[in-house]
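Visitor: sequence unavailable; structure follows:
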């Protein structure tokens, strides 16, 4: 990172809250020591990420968004996890590789990027698997550029087109402006998707995730049109998710305090197909289950 101590007057995420995280927490709820809740093989990512052996996934505590429906709310909003030194984090990365992980999957790590980069620098000569950056899409282009030599696969969400929806559900009226620029930068850095010799395991590229929300299929369709019109063809994969489940504070928002219907998801899927956005993945309606959320029990962290 460019600054001497990027945790001081923190501007790591687009909120630029400038908290001195050496002594207090920022919007993300985090101080300057890495905290994580799980490091294990994960089998529920997209097929080209998890394949047969699983993705070596590290779930970091805290988050730069504030989604009212977060399925990982116990770590993102309630900050469950264990503090880790940078050398211990580096060893965890190698341990996942030794367990046979297809890749190193960093989930919601933006608030700890300086420490993650330091840990990756320690092990770079020994790391032989791709690094996946799994995030909510709410990222600064400056941070994405900082990660160009570290991240092979970007796995961002693209949650909303509407600023009223993003403000209401994720405390970020500028979400689309930020995420759309971030995704363009990710694609620019990685280029066209690349796979291993079996053509089933991604080695480099961008997969844009979008989860269809109850009552918001028109917003989903607007996002599909933006992707078709603004992103270069065949330079990214799309993953349409049907797994929305009313977690956390969804009960405070009656319009999303339910699962989506097959009709809602199918309408979005049909529009994606009509637009030719068929390079990617769809999800079975049965995926909307609480058991798809991993158990945060400090596995691999202790």
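Guide: Happy to help now that I have it. Since this is a predicted model, take the numbers as computed values, not measurements.

Visitor: Provide a list of residues in contact with residue 227.
Guide: Going by CB atoms under 8 Å, 6 or more residues apart in numbering, residue 227 touches 158, 208, 238, 277. Every C-beta, even on glycine, is put in place using the N, C-alpha and C of the backbone.

Visitor: ugh, wrong one, residue 55
Guide: 41, 42, 43, 45, 49, 101, 102, 103, 105, 132.

Visitor: among these, which lie within helices?
Guide: Within the contacts of residue 55, residues falling in helices by DSSP state H are residue 49.

Visitor: JSON lines for the contacts of residue 55, including distance to residue 116, neighbour count and pLDDT?
Guide: Shown next, in JSON lines, are those (distance: CB to CB, whole Å; neighbours: other CB atoms under 10 Å; pLDDT from 0 to 100):
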{"residue": "41", "distance to residue 116": "19", "neighbour count": "18", "pLDDT": "97"}
{"residue": "42", "distance to residue 116": "18", "neighbour count": "21", "pLDDT": "95"}
{"residue": "43", "distance to residue 116": "23", "neighbour count": "14", "pLDDT": "94"}
{"residue": "45", "distance to residue 116": "19", "neighbour count": "23", "pLDDT": "95"}
{"residue": "49", "distance to residue 116": "18", "neighbour count": "25", "pLDDT": "97"}
{"residue": "101", "distance to residue 116": "16", "neighbour count": "22", "pLDDT": "98"}
{"residue": "102", "distance to residue 116": "19", "neighbour count": "25", "pLDDT": "98"}
{"residue": "103", "distance to residue 116": "15", "neighbour count": "27", "pLDDT": "98"}
{"residue": "105", "distance to residue 116": "12", "neighbour count": "28", "pLDDT": "98"}
{"residue": "132", "distance to residue 116": "12", "neighbour count": "24", "pLDDT": "98"}
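
Visitor: columns distance to residue 138 on top of the contacts of residue 55, output as CSV?
Guide: Putting the contacts of residue 55 into CSV (distance: CB to CB, whole Å) gives the following:
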residue, distance to residue 138
41, 27
42, 22
43, 26
45, 20
49, 21
101, 26
102, 26
103, 22
105, 18
132, 17
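
Visitor: residue 206: which element?
Guide: Residue 206 is part of strand 202-211 when elements are defined by DSSP states H and E.

Visitor: can you check residue 143 too?
Guide: helix 141-146.

Visitor: please compute how far the helix or strand following that helix lies from its chain's middle.
Guide: Proceeding N to C from helix 141-146, the next assigned helix or strand is strand 153-156, under DSSP H and E. Here the centre of strand 153-156 is set off from its chain's centre by 7 Å, with CA atoms, centre = their mean, to the nearest Å.

Visitor: what's strand 153-156 packed up against?
Guide: Under the contact definition 3 or more CB pairs under 8 Å, 6 or more residues apart in numbering; DSSP states H and E, strand 153-156 sits against strand 131-135, helix 175-190, strand 202-211.
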